[in-house]
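S.K.: A predicted structure for the sequence below; I have some questions about it.
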Amino acid sequence: MNKTEGYAQKSYTLPTKRYCQTLDLKDDPELIREYIKRHSEAHHWPEIAEGIRSVGILEMEIYQLGTKLFMIVETPLDFEWETAFAKLAGLPRQAEWEEYMSLFQEADPGATSSEKWQQMDRIFHLYE
C-alpha cells in the first residue's frame, strides 16, 4: 500500500485512542533522505521499537511531507501519556536514539521524544 492507495490499519479487540503529533525536520534534502532511511524496516533500531511497545503503545506511524513530520500513536484507552513517555525516556538506547535523531530534527539535541514532538489538537472528524 502507498499514499495513493491508502494504508491498512490494524484492528484491535479492545477500545483504543489516538494521539497526533508534529515535528519539523531540518530543511536539508540529504538529511531528510537519511532520516527516512533510519526509520525504514531495514535500518531502524529494533530495541527502540521494542521499547515503544513495552510502554503500552499499540501502533506508531510517522508521515512526512517536505520538512513536516506527522506522528499517529494508538494506545489502549487506559494509556497514560506522561507516565509511559517518562518510562520510555529511561529505556536502554532511547536517549542515544533521540540524540541521533536530533541531527535531522529542528529540536534540542538533549530533548526527549515527548519534548520534541508537539501534540496536535483535533479540529474536525466526521460528526455523528
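M.R.: In hand now; what should we look at? Since the structure is predicted, the reported quantities are computational estimates derived from the model, not experimental observations. Residues are numbered from 1 along each chain as shown.

S.K.: what does the helix or strand of the chain with the lowest mean pLDDT contact?
M.R.: Ranked by mean pLDDT, DSSP states H and E, the helix or strand of the chain with the weakest confidence is helix 113-116, at a mean of 92. Residues from elsewhere that reach helix 113-116, judged by CB atoms under 8 Å, 6 or more residues apart in numbering: 23, 81-82, 85, 88-89, 94, 98, 102, 105, 107-108. Where you see a C-beta, it was placed from the backbone N, CA and C, and this is true even at glycine.

S.K.: go on, stretch 50-59?
M.R.: Stretch 50-59 is contacted by residues 10, 12, 16, 60, 72-76, 79, 84-85, 87-88, 91-94 when judged by CB under 8 Å, 6+ apart.

S.K.: recalculate using a threshold of 7 Å.
M.R.: Residues outside stretch 50-59 that contact it (CB atoms under 7 Å, 6 or more residues apart in numbering): 10, 12, 16, 60, 73-76, 79, 84, 87-88, 91, 94.

S.K.: phi first, then psi, for the most centrally placed residue in the chain.
M.R.: Nearest to the geometric centre of the chain sits Met71, at 4.7 Å (CA atoms, centre = their mean). Main-chain torsions, Met71, degrees, to the nearest 10: phi -110, psi 140.

S.K.: having no further points to raise, I will conclude here.
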